[in-house]
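Chemist: A structural model of the following input is requested.
(one chain, ligands or ions: 1)
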Amino acid sequence: DAHVEIDAAHHLRIGGCDAVELVNSYGTPLIVYDENVIRRTIRAFHNVFRQADVPYQISYASKAFCTLAMCQLVYDEGCGIDVVSGGELHTALTAGVPAKAIHMHGNNKTVDELRYALESEIGAIIVDNFYELSLLDELTREYGREIDVLIRVAPGVEAHTHDFIATGRQDSKFGFDLASGQAQMALRQLTDLPFLRCVGVHAHIGSQIFDIEGFQLMIERLAEVYQYGLLQLGLPFQVLNVGGGFGIQYTDEDAPPTTETLAAVIKAVKTAFGSRNMQIPTIWIEPGRSIAGPAGVTLYRVGSQKQIPGVRNYLAIDGGMTDNPRLALYGAKYHAIYANRADAAPEATWSIAGKCCESGDMLIWDAALPNPQAGDILAVFATGAYTYSMASHYNRIPKPAVVFVRDGSAELVVQRETWADLIRRDVPLPNRA
Ligand code: LLP
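Modeler: Residues are numbered from 1 along each chain as shown. Now for the predicted structure:
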């Protein structure tokens, strides 16, 4: 990992901070984000767009990790923010992100969420379905206020990724179906709705994608429907939103992150639009994982062990599926070392287990590690995306603390939850005597 190093005391350093000291100050489990890694990734995206010389907008998919500090940081680096709920919208607005820089997604936005978006005058709503289209029509008439919208298209493209997170294929809960003409029908309706300004089309074909073919096929199909909306229907199109999905490196099995996919995506847009003699649209991307994922390292204290002769070694840590459900949900793979003796050679395989009362609560199967010693701190890499944001209170386990580190200094950005926090909203039964 480029942003981590091992110091003379054999300790892991993240963003110039000693991981052991971080744990001593903030406790475990602790999620540590290296700010510079986030900034570098975003700047690399900006550079690819600038070199390609196309109009663009990077909209951080905040579902990957949505807190006040994260919204502030990515906005500071010139990103807009993508939200998919009232809660994410509230976070972005409270972080001081201007409403115009916020876009809202979701396949079942509630009336309250749509009102919140309209009252805040956010930049755009990505309309997912006919139900939402008529709701928005009603609400915008009530407010007498215009809003920019894009329609989400289900382009019938399946990305080469885990089945549960492939969202672009035809049989999906997301978006207007293209093959059966529903997307085109939605666009025809939009020519008639007085307060909805349809500025473009959107698709998202999945996550953790390395292959470019899926993007190319999606862009070809989007260009087709874009042409229909712009030229046949005269809609005020200017935006082609190609979603997120850029893959990152979790283990040696994955390719390192690269900006080549983005460059190829831009090229595909140029080709698809050039061959139709259409002006290159403003290209929006919505990366989540690629911005937040590589920057995060989770630190745990090791605890109990169980060695089953000839079967497997289990090593339990003081977290698990409550702070990182990705193995349990997707069979995700991670790389780990001990932060307090970061260059110690592996001695055996140890399967890293969480502390929840179920067998599926695992973080890593068969990790090559030194045999554990009391006081070891396990560092799990590339845990910045879809971990804290998917954390739960299962078994009434409090959520971890989060710190941002940069150039040797650390800042707490999310406080560790306490047991008291967990029961704060419980209402005991009244005395029924
Ligand atoms: N745009 C839309 C409309 C999306 O649905 C998503 C992710 C993104 C952008 C961002 O995609 P990314 O760049 O992060 O790949 N919880 C799963 C991932 C779910 C992704 C959902 N949508 C996981 O942990 O792998």
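
Chemist: how far out from the middle of the chain is the one helix or strand in the chain whose mean pLDDT sits lowest?
Modeler: Of all the helices and strands that make up the chain, the one with the lowest confidence by mean pLDDT, DSSP states H and E is strand 4-6; it has a mean of 90. Relative to the chain's own centre, strand 4-6 is displaced by 25 Å; criterion: C-alpha atoms, centre = their mean, to the nearest Å.

Chemist: for stretch 144-152, same thing?
Modeler: Going by C-alpha atoms, centre = their mean, the spacing between the C-alpha centre of stretch 144-152 and its chain's C-alpha centre is 24 Å.

Chemist: ditto for stretch 344-357
Modeler: Here the centre of stretch 344-357 is set off from its chain's centre by 27 Å, with C-alpha atoms, centre = their mean.

Chemist: okay, the longest helix belonging to the chain in PDB with CA atoms only?
Modeler: With secondary structure taken from DSSP state H, the chain has its longest helix at helix 35-52. Coordinates of the C-alpha atoms in helix 35-52 are reproduced here as PDB (Å, rounded to 0.1, in the frame of the first residue of the first chain):
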ATOM      1  CA  GLU A  35      -6.900  12.200   3.800                       C
ATOM      2  CA  ASN A  36      -4.100  12.500   1.300                       C
ATOM      3  CA  VAL A  37      -5.100   9.200  -0.400                       C
ATOM      4  CA  ILE A  38      -8.700  10.500  -0.800                       C
ATOM      5  CA  ARG A  39      -7.400  13.800  -2.200                       C
ATOM      6  CA  ARG A  40      -4.900  12.100  -4.500                       C
ATOM      7  CA  THR A  41      -7.700   9.800  -6.000                       C
ATOM      8  CA  ILE A  42     -10.000  12.700  -6.600                       C
ATOM      9  CA  ARG A  43      -7.200  14.800  -8.200                       C
ATOM     10  CA  ALA A  44      -6.300  11.900 -10.500                       C
ATOM     11  CA  PHE A  45      -9.900  11.800 -11.700                       C
ATOM     12  CA  HIS A  46      -9.900  15.500 -12.300                       C
ATOM     13  CA  ASN A  47      -6.700  15.200 -14.300                       C
ATOM     14  CA  VAL A  48      -8.100  12.500 -16.500                       C
ATOM     15  CA  PHE A  49     -11.100  14.700 -17.400                       C
ATOM     16  CA  ARG A  50      -8.900  17.800 -17.900                       C
ATOM     17  CA  GLN A  51      -6.500  15.800 -20.200                       C
ATOM     18  CA  ALA A  52      -9.500  14.600 -22.200                       C
END
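
Chemist: Show me the contact partners of that helix.
Modeler: Residues from elsewhere that reach helix 35-52 (C-beta atoms under 8 Å, 6 or more residues apart in numbering): 2-3, 15, 56, 58, 60, 73-74, 77-79, 257, 259, 262-263, 266-267, 270, 283, 285, 287, 290-292, 294-295, 404-407. The C-beta positions use only the backbone N, C-alpha and C, and glycine is treated the same way.

Chemist: ok, now stretch 118-132?
Modeler: Where contact means C-beta under 8 Å, 6+ apart, the residues beyond stretch 118-132 that reach it are 80, 89, 93, 99-109, 114, 117, 133, 136, 139-140, 143, 145, 147-152, 174-176, 182, 186, 189, 196, 199, 202, 239, 241.

Chemist: how deep is whichever residue of the stretch 51-200 of the chain sits closest to the ligand tucked in, by neighbour count?
Modeler: Distances between the stretch 51-200 of the chain and the ligand by C-beta to the nearest ligand atom are smallest at Ala61, namely 3.5 Å. Using other C-beta atoms under 10 Å, Ala61 is surrounded by 29 other residues.

Chemist: With the ligand as the reference, measure out to the residue lying closest to it once chain neighbours are set aside.
Modeler: Computed as C-beta to C-beta, 6 or more residues apart in numbering, the closest residue to Ala61 that is not its neighbour in sequence is Gly288, at 3.1 Å. Summarising the geometry, the distance separating Gly288 from the ligand, computed by C-beta to the nearest ligand atom, to the nearest Å, is 3 Å.
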